[in-house]
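A.B. asks: the sequence and its predicted three-dimensional model are supplied below.
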Amino acid sequence: MNFLAHAVLSFDEPEILFGQMISDFVKGSRRFSYPPMIGHGIMLHRHIDSFTDAHDTTRRARDLFRPVYRLYSGAFVDISFDHFVATDNREFGPRSLFTFSQQVYSHLDRLTDMMPAGFAGMYPYMKKDNWLLGYAEPEGIYRSFRGLVQRSAYMTDSKPAAELFEKHFVELRACYEAFWPELKAFAREESDRYRF
């Protein structure tokens, strides 16, 4: 899953949120250098990713991108699913996605001194351009696709990703609708384990 999904699946726990957001930038046992709840957030992120990668529904979604993007197909699905999270009216209740995104940045701002270098270098752009809010609009998704391609040594063109996203929009949304409740229940159960 991508940034917005991990933020939502932190269930309003600031340290879990921080751990989830930095997890991809914390290698191996470095998680033990963080306070316990942040370490739990790092591990929750990894468990969510493992659950996602092994799920039949996300495999079907990856197959839609696989002919063009092969091993990177999962990353394009993750970004696509953030669009569906962003536009899922059930997720934010009385607060808006904008309000939620500002709360996320506020929590992260309190811990900037603990950010690993890779995330610290990216975070100002995430906040300035409000990536979390941007996932609600197709252009925000396409910008994320472009960023993914630019960071890769093996991909050169994000245009096919945008075309595949549009072509398979209904199928991708159906995959999200089938998968998200299961993922949310799994993440809640994993998260609850860290509270005791």
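C.D. replies: Structure's in. What do you need? Source: prediction; values computed, not measured. Numbering: from 1, shown residues only.
A.B. asks: gap between the host helix or strand of residue 46 and the chain center?
C.D. replies: With the criterion set as DSSP states H and E, the secondary-structure element containing residue 46 is helix 36-54. Going by CA atoms, centre = their mean, to the nearest Å, the spacing between the C-alpha centre of helix 36-54 and its chain's C-alpha centre is 11 Å.
A.B. asks: got it, and stretch 177-193?
C.D. replies: On the basis of CA atoms, centre = their mean, stretch 177-193 is displaced by 14 Å from the centre of the chain it belongs to.
A.B. asks: ok, and the closest non-adjacent residue to residue 140?
C.D. replies: The shortest distance from residue 140 to any non-neighbouring residue, by CB to CB, 6 or more residues apart in numbering, is to residue 134 (2.9 Å). To be clear about C-beta, it is placed using only N, CA and C from the backbone, and glycine gets the same treatment.
A.B. asks: same question for residue 79.
C.D. replies: Nearest non-adjacent residue to residue 79, counting by CB to CB, 6+ apart: residue 144, 4.6 Å away.
A.B. asks: quick one: contacts for that neighbour?
C.D. replies: If you count contacts by CB atoms under 8 Å, 6 or more residues apart in numbering, residue 144 has them with 2, 79, 82, 131, 134, 135.
A.B. asks: mind checking how far it is from residue 16?
C.D. replies: Distance of residue 144 to residue 16, computed by CB to CB, to the nearest Å: 23 Å.
A.B. asks: check residue 183 too.
C.D. replies: For residue 183, the distance to residue 16 equals 16 Å [CB to CB].
A.B. asks: which one's more surrounded, those two?
C.D. replies: A side-by-side neighbour count of residue 183 and residue 16, using other CB atoms under 10 Å, places residue 16 first with 27 against 20.
A.B. asks: wait, isn't that one in contact with residue 190?
C.D. replies: No. Contact status for residue 16 versus residue 190: not in contact, 10.1 Å apart, counting by CB atoms under 8 Å.
A.B. asks: got any residues that touch both of these two?
C.D. replies: Shared contacts of residue 16 and residue 190, defined by CB under 8 Å, 6+ apart, are found at residue 44.
A.B. asks: coming back round to it: the residue nearest to residue 140: neighbouring residues, count only.
C.D. replies: By other CB under 10 Å, the residues close to residue 134 number 22.
A.B. asks: may I have the phi/psi pair for it?
C.D. replies: When read as degrees, to the nearest 10, the backbone of residue 134 gives phi -60, psi -30.
A.B. asks: double-check residue 31 against residue 37; I have them as touching.
C.D. replies: No. With contact defined as CB under 8 Å, residue 31 and residue 37 do not form a contacting pair (11.4 Å).
A.B. asks: mutual contacts of these two, please.
C.D. replies: Residues touching both residue 31 and residue 37 by CB under 8 Å, 6+ apart: residue 19.
A.B. asks: tell me which of those two has more neighbours.
C.D. replies: Neighbour tally, residue 31 and residue 37, criterion other CB under 10 Å: the higher count belongs to residue 31, 20 against 17.
A.B. asks: quick one: mean pLDDT for the lengthiest helix in the chain?
C.D. replies: Counting residues, the longest helix found in the chain (DSSP state H) is helix 169-193. The predicted model gives helix 169-193 an average pLDDT of 96.
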